[in-house]
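Student: Sharing a model that was predicted from the sequence below.
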Amino acid sequence: MKRTLWIGHGNSAQAWYRCCIPATELKQDWIGIMEGPPDDGGIMIAGNCREMPNVKEYEVIIVQLAMGEQWVKAVKRWQKAGITVYYECDDYMHGVRNINDHKFKSAYSSKRLKEYVAVMKACDGLIVTTQFLGKQYSKYNSNVHVCQNFINTELYDVLPHEKTDGNVVIGWSGGTGHLQPIKSWYRDLLDVMTTWNNTAFISIGTNYADEVAMAFPERSLSVPWTNMENYPYALRAMDIGIAPSHDSKYFRSKSDLRWVEGSAVGIPMIVNPITYPDVVDGVTGMVATSGEEFEDKLSTLVMDADLRNEIGQNAKTYMQENRDIRQGAKQWEAFLS
């Protein structure tokens, strides 16, 4: 394939999934950068390069979430040198302003969104995580390539935590952009925990456990974000994972990464099909379209350890066979070669 440089958005989770993982598998270069392009004041804070790479040595450059005139000029400069430049994006940024609880809502002003779009338009094509997201942004650049999120499933092949208390741990992980959906299942979650006093709740990332702690102070725990190498071990503290969603362009555009990661460690996930359409209900997860259905399926999994193990193992096998980066590399190679 053509020699390619991924330029990630700092040291973010997006840079890990969309730059580090594919570049590493394809034996290409990637960097996480701040403050501008690599040849115009940028500061490298992550990556597999020992020093700032010379962009002229590459045939393809992938820029992630770049914005502003400085990046537009960089893209045009690289194109003039014969380099193909793609814009990588894994979120519908125009939908963030409609999410009341999103931590970075104020950062997506009309002015800033125009700066993102300007770089999208300047690039030779877009790389996105879902067909729906690609459709939203195809009006800015019609050359859209969909590459799903893939993971190194070997990193997620971790043993479950040893338990002596018999508790069933229900877990959720996410950022502030995921608070709106989890709140829609909040009352149903509390109903299950009221019925089954052997249940506990854990949140990873944004602290939602405090909400549950108001009802069950001794049965809830919040775990902050950890580095990506340790994240699978945090997930494995769960017996059941939940991944709600919300009917909006923002959540329809999001990838199914929560299901992928939870399944990869072998825990059964209860999901909303808006964001997770590929889940086979009762086989590779549980599907719930309402709070009532969520409560029913959560209760079923709490009661049935064998079913939890069966669905968890089915889902884990599915991820190993379909969503490992060794399969995902083929999607990237298809248009980078």
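Tutor: Cool, got the structure. Numbers count the residues shown, from 1 in each chain.

Student: for the protein, what spans make up the helices?
Tutor: Remark: helices assigned in the chain by DSSP state H are 13-15, 21-25, 69-80, 110-122, 131-137, 179-184, 186-195, 209-213, 231-235, 249-253, 257-264, 291-303, 305-322, 325-336.

Student: quick one: contacts of the third one?
Tutor: Taking Cβ atoms under 8 Å, 6 or more residues apart in numbering as the criterion, the residues outside helix 69-80 that touch it are 36-37, 39-41, 55, 61, 63, 66, 85, 115, 118-119, 122-124. Every C-beta, even on glycine, is put in place using the N, C-alpha and C of the backbone.

Student: ok, back up a step: could the helices of the chain go into JSON lines alongside mean pLDDT and mean neighbour count?
Tutor: Shown next, in JSON lines, are those (pLDDT from 0 to 100; neighbours: other Cβ atoms under 10 Å):
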{"stretch": "helix 13-15", "mean pLDDT": "92", "mean neighbour count": "20"}
{"stretch": "helix 21-25", "mean pLDDT": "97", "mean neighbour count": "21"}
{"stretch": "helix 69-80", "mean pLDDT": "98", "mean neighbour count": "17"}
{"stretch": "helix 110-122", "mean pLDDT": "96", "mean neighbour count": "16"}
{"stretch": "helix 131-137", "mean pLDDT": "98", "mean neighbour count": "19"}
{"stretch": "helix 179-184", "mean pLDDT": "78", "mean neighbour count": "18"}
{"stretch": "helix 186-195", "mean pLDDT": "95", "mean neighbour count": "17"}
{"stretch": "helix 209-213", "mean pLDDT": "82", "mean neighbour count": "18"}
{"stretch": "helix 231-235", "mean pLDDT": "93", "mean neighbour count": "20"}
{"stretch": "helix 249-253", "mean pLDDT": "94", "mean neighbour count": "21"}
{"stretch": "helix 257-264", "mean pLDDT": "96", "mean neighbour count": "26"}
{"stretch": "helix 291-303", "mean pLDDT": "97", "mean neighbour count": "18"}
{"stretch": "helix 305-322", "mean pLDDT": "97", "mean neighbour count": "17"}
{"stretch": "helix 325-336", "mean pLDDT": "92", "mean neighbour count": "17"}
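
Student: So for residue 51, which of those sits nearest?
Tutor: Proximity to residue 51, assessed across these by Cβ to Cβ, is greatest for helix 21-25 (16.4 Å).

Student: who does that closest one touch, helix- and strand-wise?
Tutor: strand 4-9, strand 29-34, helix 325-336 (3 or more Cβ pairs under 8 Å, 6 or more residues apart in numbering; DSSP states H and E).

Student: how does the chain divide into domains?
Tutor: Annotated domains of the chain cover 4-147, 153-322 [automatic domain parsing].

Student: Identify whichever of the ones you listed lies nearest to residue 334.
Tutor: Here domain 4-147 is closest among those (Cβ to Cβ), at 8.1 Å.

Student: any idea how far residue 196 lies from residue 168?
Tutor: Computed with Cβ to Cβ, to the nearest Å, the distance linking residue 196 and residue 168 is 7 Å.

Student: shared neighbours of the two, anything?
Tutor: Joint contacts of residue 196 and residue 168 (Cβ under 8 Å, 6+ apart) are residue 302.

Student: Between the two, tell me which one has more neighbours.
Tutor: residue 168 (20 against 15; other Cβ atoms under 10 Å).

Student: Looking at the more buried one now. What's its pLDDT?
Tutor: pLDDT recorded at residue 168 is 96.

Student: One more: the one 4 residues further on?
Tutor: On the pLDDT scale, residue 172 is placed at 92.

Student: quick one: it and residue 142, what's the gap?
Tutor: Taking Cβ to Cβ, one finds residue 172 at 37 Å from residue 142.

Student: Comparing the two, which shows the higher neighbour count?
Tutor: Neighbours were counted for residue 172 and for residue 142 using other Cβ under 10 Å; residue 172 has more, 26 against 10.

Student: Next, the contact list for the more buried one, please.
Tutor: Counted by Cβ under 8 Å, 6+ apart, residue 172 has contacts 178, 182, 201-204, 208, 241-243.

Student: Check the residue nearest to residue 116 when sequence neighbours are not counted and give its pLDDT.
Tutor: Nearest residue to residue 116, sequence neighbours excluded (Cβ to Cβ, 6 or more residues apart in numbering): residue 67, at 4.6 Å. Each residue has a pLDDT score; the one for residue 67 is 96.

Student: What about residue 67, how many residues nearby?
Tutor: Neighbours around residue 67, by other Cβ under 10 Å: 19.

Student: Now do the same contact list for it.
Tutor: 112, 115-116, 118-119.

Student: mind running it again at 7 Å?
Tutor: 112, 115-116, 119 (Cβ atoms under 7 Å, 6 or more residues apart in numbering).

Student: which among the residues you listed gets closest to residue 322?
Tutor: residue 116 (31.2 Å).

Student: so that closest one sits right up against residue 92, yeah?
Tutor: No: using Cβ atoms under 7 Å, residue 116 is not in contact with residue 92; the gap is 11.2 Å.

Student: Please report the distance of the nearest residue to residue 295 once chain neighbours are set aside from residue 240.
Tutor: Of all residues beyond its chain neighbours, the one nearest residue 295 is residue 188 (3.9 Å), with distances taken as Cβ to Cβ, 6+ apart. Relative to residue 240, residue 188 is positioned 13 Å away (Cβ to Cβ).
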